[in-house]
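3D model of this:
(chains A, B, C and D)
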2 protein chains.
Amino acid sequence: MTTRWLTPEEQRAWRAYIAAASLVEDALDRQLQQEAGMPHLYYSILATLSEAPERRLRMTDLAERLKITRSRLTYGVTRLEKDGLVRREDCRWDRRGSVAALTDEGYRVLERAAPGHVETVRSLLFDRLNPEQVRQLEEIFTAIGAGFQGEGPHATAEDVPWRRRSGKPCP
Amino acid sequence: MTTRWLTPEEQRAWRAYIAAASLVEDALDRQLQQEAGMPHLYYSILATLSEAPERRLRMTDLAERLKITRSRLTYGVTRLEKDGLVRREDCRWDRRGSVAALTDEGYRVLERAAPGHVETVRSLLFDRLNPEQVRQLEEIFTAIGAGFQGEGPHATAEDVPWRRRSGKPCP
DNA sequence: CGATCTTGGTTCAAGTTTGAAACAAACCTA
DNA sequence: TAGGTTTGTTTCAAACTTGAACCAAGATCG
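Numbers count the residues shown, from 1 in each chain, chains lettered A, B, ... in the order given. Purely as a prediction, here's the structure:
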């Protein structure tokens, strides 16, 4: 079938999106690099851990939540571990597994960085949108994200946080 | 002043956005890497050149349109030049300058890659949005992008495509 | 059991990005 | 017009990302 090119409206939307999205990511990275010495993704690793029960998550779970490859995560956690912000523990119920745990130091760094980060997100995004648009933004990207069921860099999933992944009951 | 944290609605929107945006970029990169042997940014370099008058653009202009640093662009153009898809010419009106020109080969590669790329963009984004949402998407990201006046990695600008940048008239 | 398949995670090399520093040409000013 | 500043671009080292390959340790099944 002959290509369904983008309509003019779609083109405009696409271009506006691509341009702004890249600017936003760059700005976020710069801000966090400045104030916390790490790129946005690494901040997100800390943030995600901080919300997990016991501030711990299995590597694969963490990778899935962040929508990144395990390989990328390994690299990031290794770096954060060197900085003392995260600690690797082995999973007691699956000897293959390892668990990333946020250290107290990591939690403190996160606490210190959070206000500046939120302020940036606000000034870049939400200060420029009305409440109606915020709702639209959510709907639009929820719809887009829904297109990736079982897609992305990932295959399997499980919802029990850091205890185990497959069929073995934990003590 | 005490931090203005995100409201629950803002949080939801932010998370949906961050997650989906990263999935989209990754998918785009993978698709283009597969079918054209280059990441999304490099495809965009070709695409941007193809739309410029004479399929040529000064490095700085190109960097500005793509919203990337000059350094990043240098690297990309060097790679594309090795592949024979772009050629560097010197600017006749400013001996400092260099101009990136799309080669015929580059144009052909672009033509071949375009349908698959558009198809991907469509299936990821526009197939999941109604026309109303497409309009909202444009408005939202235009608003966000507008927050970066003179920001981003760039300082100066000029609108004459590739002829010259500052005060000297061209022959 | 023991062979085999799958899953969790890391490693490695190649490619890309970053930000600062280096250069060179153009511009400005006294 | 010499000297200093700005602008256009590249270079360099360090950090990050990618995908494929690899190594264990579970799970499966005859």
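
for chain A, what spans make up the helices?
Counting by DSSP state H, residue ranges of the helices within chain A are A:8-36, A:40-51, A:59-66, A:70-82, A:104-124, A:131-146.

list the helices and strands the last one packs on?
Using 3 or more C-beta pairs under 8 Å, 6 or more residues apart in numbering or on different chains; DSSP states H and E, the elements in contact with helix A:131-146 are helix B:8-36, helix B:131-146. Bear in mind the C-beta positions are built from the backbone N, C-alpha and C, glycine included.

same check, this time on the first one
Identification of packing neighbours for helix A:8-36 by 3+ C-beta pairs under 8 Å, 6+ apart yields helix A:40-51, helix A:104-124, helix B:8-36, helix B:131-146.

Present the helices and strands packed on helix A:131-146 as TSV; the columns should include mean neighbour count.
Output for those, formatted as TSV (neighbours: other C-beta atoms under 10 Å in any protein chain shown):
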stretch	mean neighbour count
helix B:8-36	18
helix B:131-146	18
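
Quick one: closest of the ones you listed to A:Glu10.
Of all the helices and strands packed on helix A:131-146, helix B:131-146 sits nearest to A:Glu10, with 5.9 Å by C-beta to C-beta.

Tell me which residue lies nearest the centroid of chain A.
For chain A, the residue nearest the mean C-alpha position is A:Leu66 (3.4 Å; C-alpha atoms, centre = their mean).

pretty sure that residue contacts A:Leu46?
No: in this structure A:Leu66 lies outside contact range of A:Leu46 using C-beta atoms under 8 Å: 11.1 Å.

hang on, the earlier thing: any chance of the helices and strands packed on helix A:131-146 in JSON lines, plus mean pLDDT and distance to A:Ser22?
What follows is the helices and strands packed on helix A:131-146, written out as JSON lines (pLDDT from 0 to 100; distance: least, C-beta to C-beta, whole Å):
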{"stretch": "helix B:8-36", "mean pLDDT": "98", "distance to A:Ser22": "9"}
{"stretch": "helix B:131-146", "mean pLDDT": "98", "distance to A:Ser22": "10"}
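
and the ones you listed as TSV, adding distance to DNA strand C?
Rendered in TSV, the data for these read as follows (distance: least, C-beta to the nearest atom of the strand, whole Å):
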stretch	distance to DNA strand C
helix B:8-36	8
helix B:131-146	17
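
quick one on the thing from earlier: among the helices of chain A, single out whichever gets nearest to B:Glu25.
Of all the helices of chain A, the one in closest proximity to B:Glu25, counting by C-beta to C-beta, is helix A:8-36 (7.9 Å).

now the closest one against helix B:59-66, angle please.
Between the direction of helix A:8-36 and that of helix B:59-66, the angle (axes from the mean of the first three to the mean of the last three C-alpha atoms, to 10 degrees) works out to 100 degrees.

near DNA strand D, anything from stretch A:102-111?
No: Stretch A:102-111 is not in contact with DNA strand D by C-beta under 7 Å from any atom of the strand; minimum separation 13.9 Å.

Just the mean pLDDT for that stretch, thanks.
On average, the pLDDT along stretch A:102-111 is 98.

Now do that stretch: distance to the chain's middle.
The offset between the C-alpha centroid of stretch A:102-111 and the centroid of the whole chain comes to 17 Å, using C-alpha atoms, centre = their mean, to the nearest Å.

Same check on stretch A:121-133?
With C-alpha atoms, centre = their mean, you get 20 Å for stretch A:121-133.

Ok, stretch A:119-131 next?
Averaged over its C-alpha atoms, stretch A:119-131 has a centre that lies 19 Å from its chain's centre (C-alpha atoms, centre = their mean).

now stretch A:70-90
How far stretch A:70-90 lies from its chain's middle: 15 Å, per C-alpha atoms, centre = their mean.

Could you list the buried residues of that stretch?
A:73, A:76-77, A:80-81, A:85-87 (16 or more other C-beta atoms under 10 Å in any protein chain shown).

one step back: let me have the helices and strands packed on helix A:131-146 in TSV, extended by distance to B:Tyr42.
Formatted as TSV, the entries for the helices and strands packed on helix A:131-146 read as follows, by distance: least, C-beta to C-beta, whole Å:
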stretch	distance to B:Tyr42
helix B:8-36	8
helix B:131-146	22
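
Neighbours of the closest residue to DNA strand C within chain A, how many?
Each residue of chain A has a distance to DNA strand C, by C-beta to the nearest atom of the strand, and the smallest belongs to A:Thr60, at 3.0 Å. When counting by other C-beta atoms under 10 Å in any protein chain shown, one arrives at 18 neighbours for A:Thr60.

wait, it sits on A:Arg70?
Yes: A contact is recorded between A:Thr60 and A:Arg70 when judged using C-beta under 8 Å, the distance being 6.3 Å.

about what we covered before: now the helices and strands packed on helix A:8-36 in CSV, with distance to B:Asp104?
Converted to CSV, the helices and strands packed on helix A:8-36 look like this (distance: least, C-beta to C-beta, whole Å):
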stretch, distance to B:Asp104
helix A:40-51, 39
helix A:104-124, 41
helix B:8-36, 16
helix B:131-146, 33
